[in-house]
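Asker: what shape does this take:
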Amino acid sequence: MTLSLSDPAWYPIASSDDLPFRHVYQGQLLGRELAVWRADDGNVNVWENRCLHRGVRLSIGVNEGAELKCQYHGWRYANRSAGCTYIPAHPADAPARRIQNKTYPVAEAFGLIWSSAQDTENIERPFAPFPGAESGQWFPLRPMPVNAAPEDVLAGLSALAPDDQPADRLPGLALRLGDVVYFVQPVDAGRAVIRGLLPSTPADATQALRHYNEMLSKLRDRLERAAAKKPAPEPLAPAFDKVSAELATMPDIAIPRGNTIPVVVKRKWTSADGVIGFELAAREGHLPTFQPGAHIDVHLPNGLIRQYSITNGPGELMSYIIGVKQESASKGGSKVLVETVRQGDMLAISEPRNNFPLRRDATRTVLIAGGIGITPLLSMARFLDKSSLPYELHYFTRAGEQVAFRGDLEALHGKVLIHTGLPRAEIGTTISTALGAWSQAQHVYVCGPSAMLESVRTTAAAQGWPDEAIHFEYFKNDKPIDDSSAFDVELARSAMTLHVPAGKTILEVMRDAGLTVPSSCEQGACGTCLTTVIEGEVDHQDVYLNDSEKASNTCMMTCVSRAKSARLVLDI
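Answerer: Numbering: from 1, shown residues only. Here you go, the predicted model:
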């Protein structure tokens with residue numbers, strides 16, 4: 001057979017034993033180098049063996065159990081999706097969704113790891129066991145590398161068969177000799193690996209391995225002597241996308257509001273008094289990459305769209321877990337989820353967005369949560385925990401039975417302090433003690449009720465914490481919105497000037513003009529509609545920007561903020 005770079009066949013590329021705990025194995029198939037690694041959840045990943053930043057081999061990277069970290073500049077990629085989760089050179093930003101390594105299909109069977117030269121998105125043929133596979137309890141032999149053309153290796157194996165029992169050719173580069181099945185892994189045009197399977201574990205495994213190793217070593221020597229007398233075949237040359245050094249600074253692509261992902265409610269349970277947990281699973285495969293602090297839009301049966309933070313840890317992409325607070329004053333969001341959505345129901349969600357990203361370059365990280373505000377901070381704690389980075393988590397609730405995701409919190413290895421039923425004055429003292437005086441490379445993240453966020457921000461500022469070290473996320477904007485002004489907005493890149501009347505937002509006017517603009521909460525809390533201001537004075541009415549950012553007058557939230565001047569020029 002003629003080797004093809006687009007060969008849809010599946011070949012063994014490694015033994016299961018090649019993937020011990022936290023190891024990365026360099027596989028090879030049809031001229032491609034592959035980074036092969038097993039995550040702590042048992043999932044085996046087969047990726048193109050290079051970091052998207054500078055092209056450094058990921059096979060020399062660090063397997064952290066749920067993420068693979070490049071050794072060169074520390075870029076991290078998630079288990080299953082190969083999406084980038086962190087870029088150290090841009091610690092305050094969530095990586096763009098487009099930064100995702102090429103993945104190849106994978107199957108683990110008979111003690112071997114199998115893959116195909118076709119990438120995951122273009123795979124034509126699902127993995128299928130070889131004929132007769134169901135008849136044995138297979139025992140893998142030691143692999144035998146051979147510097148010879150894969151077709152010649154297959155012919156050499158076939159020649160080992162006795163005259164009265166010729167080899168039985170199997171699909172692909174495989175054959176059966178008696179009760180032993182051999183596979184030829186085509187490394188390149190002139191290189192191969194012989195992998196064999198015995199139908200059962202021999203009584204003396206060591207002796208059997210030695211016997212077949214000696215036999216295959218003799219075959220290897222003959223094949224390599226013969227190959228040395230032939231012209232060297234032209235190496236296979238797979239095409240690779242160019243690695244971009246500028247990829248890290250490329251802006252993210254806005255997700256249109258209509259783009260959704262179908263999920264099934266796999267599990268629904270009471271996580272705490274007043275908090276319901278939902279596990280939203282992919283219908284097939286895995287869900288998109290997310291970073292700690294990310295949220296999703298959940299499209300509800302009554303037509304409403306609500307935002308919920310993802311509580312998952314790194315590499316957990318088979319489902320997202322969210323927490324929903326039961327609120328008697330709900331306008332139909334949490335009420336519908338809690339009262340009408342059941343296990344097994346289908347929902348639609350957006351891809352994850354992250355306007356509350358976690359830095360992983362801090363010498364000290366303080367996480368402060370109030371009530372349902374634990375959800376994004378639980379994800380942050382899990383990421384820090386998995387990477388053995390120092391952190392402390394302070395969780396404030398009114399009563400012990402209101403502690404959400406208690407089991408997950410107890411499983412963390414960092415400093416986790418749960419404060420229940422504290423008087424208001426004592427809460428302030430506890431926050432002050434938890435923060436302490438600021439020093440270089442310390443960061444605090446806070447999420448919860450508006451009063452708590454204001455308390456933390458005020459206390460931190462009084463104790464010397466700069467704005468850039470204080471990170472916060474409001475679940476909603478409690479401030480009254482004044483939409484009585486009217487003004488013009490010039491969209492510099494769209495070459496349009498629009499009039500914004502009283503009672504309408506900039507976002508609504510842009511949509512009316514046919515523009516597709518990103519948004520999520522539309523109440524000035526999430527930061528999705530953050531827009532650069534080129535000219536004009538902004539009337540900030542959001543709770544997303546900090547005081548320094550508002551004073552700079554360089555950006556705004558188009559969903560609630562307006563103009564103090566007669567005209568604004570926006571970079572849209």
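
Asker: now do the contacts for Gly464.
Answerer: Remark: with contacts taken as Cβ atoms under 8 Å, 6 or more residues apart in numbering, Gly464 is in contact with 437-438. For glycine as for every other residue, the C-beta is placed from the backbone atoms N, C-alpha and C.

Asker: can you say which helix or strand has it in it?
Answerer: Using DSSP states H and E, Gly464 sits in no helix or strand.

Asker: what's the answer for Leu52, then?
Answerer: Using DSSP H and E, no helix or strand contains Leu52.

Asker: do the same with the one 3 residues further on
Answerer: With elements taken from DSSP H and E, nothing contains Gly55; it lies in neither a helix nor a strand.

Asker: for the strand ranked longest in the chain, packing partners?
Answerer: For the chain, the longest strand by residue count, based on DSSP state E, is strand 261-272. For strand 261-272, the packing partners by 3 or more Cβ pairs under 8 Å, 6 or more residues apart in numbering; DSSP states H and E come out as strand 275-282, strand 319-325, strand 346-349.

Asker: got the contact list for the second one?
Answerer: Outside strand 319-325, the residues that touch it by Cβ under 8 Å, 6+ apart are 263, 266, 271, 274-282, 287, 290, 296, 298, 308-312, 334, 337-338, 349, 352, 371-372, 374-375, 404-405.

Asker: just the buried ones among those, please.
Answerer: The neighbour-count test (16 or more other Cβ atoms under 10 Å) marks 263, 271, 274-282, 287, 290, 296, 298, 308-312, 334, 337-338, 349, 352, 371-372, 374-375, 404-405 as buried among those.

Asker: what helices and strands are in contact with the helix or strand of the chain with the lowest mean pLDDT?
Answerer: When the helices and strands of the chain are scored by mean pLDDT, DSSP states H and E, helix 333-339 comes last with a mean of 87. Judged by 3+ Cβ pairs under 8 Å, 6+ apart, the packing partners of helix 333-339 are strand 275-282, strand 305-309, strand 319-325.

Asker: where among the ones you listed is average confidence lowest?
Answerer: Here the lowest mean pLDDT among the helices and strands packed on helix 333-339 goes to strand 305-309, at a mean of 92.

Asker: and that one, how far out from the chain middle?
Answerer: 19 Å (Cα atoms, centre = their mean, to the nearest Å).

Asker: who does it pair up with?
Answerer: Here strand 305-309 is paired, per DSSP bridges, with strand 295-299 (antiparallel).

Asker: now the lengthiest helix in the chain: buried residues?
Answerer: Scanning the chain for the longest helix, with DSSP state H as the assignment, gives helix 205-228. If you call a residue buried by 16+ other Cβ under 10 Å, then helix 205-228 has these buried ones: 209, 212, 216, 219-220, 223, 227.

Asker: for it, packing partners?
Answerer: Helix 205-228 packs on strand 144-146, helix 150-158, strand 191-198, going by 3+ Cβ pairs under 8 Å, 6+ apart.

Asker: can you do 10 Å?
Answerer: Packing partners of helix 205-228 (3 or more Cβ pairs under 10 Å, 6 or more residues apart in numbering; DSSP states H and E): strand 139-140, strand 144-146, helix 150-158, strand 180-188, strand 191-198.

Asker: quick one: average pLDDT of the third one?
Answerer: With pLDDT averaged residue by residue, helix 150-158 scores 97.

Asker: out of the helices and strands packed on helix 333-339, which gets nearest to Ser135?
Answerer: Ser135 lies closest to strand 275-282 among the helices and strands packed on helix 333-339, at 34.2 Å (Cβ to Cβ).

Asker: angle of that closest one against strand 261-272?
Answerer: 150 degrees (axes from the mean of the first three to the mean of the last three Cα atoms, to 10 degrees).

Asker: parallel or antiparallel, which strands does strand 275-282 pair with?
Answerer: Under the rule (DSSP bridges), strand 275-282 has strand 261-272 (antiparallel), strand 319-325 (antiparallel) as partners.

Asker: using CSV, write out every CA atom in the longest one.
Answerer: When you say that, I think you mean strand 261-272. Output in CSV follows, covering the C-alpha atoms of strand 261-272 (Å, rounded to 0.1, in the frame of the first residue of the first chain):
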residue,chain,number,x,y,z
ILE,A,261,-24.7,25.1,22.4
PRO,A,262,-27.3,22.4,23.3
VAL,A,263,-26.8,20.8,26.7
VAL,A,264,-28.8,18.3,28.8
VAL,A,265,-29.4,18.8,32.5
LYS,A,266,-27.5,15.7,33.7
ARG,A,267,-28.0,16.4,37.4
LYS,A,268,-30.0,18.8,39.6
TRP,A,269,-29.6,18.9,43.4
THR,A,270,-29.8,21.1,46.4
SER,A,271,-26.3,22.3,47.1
ALA,A,272,-27.2,24.4,50.1
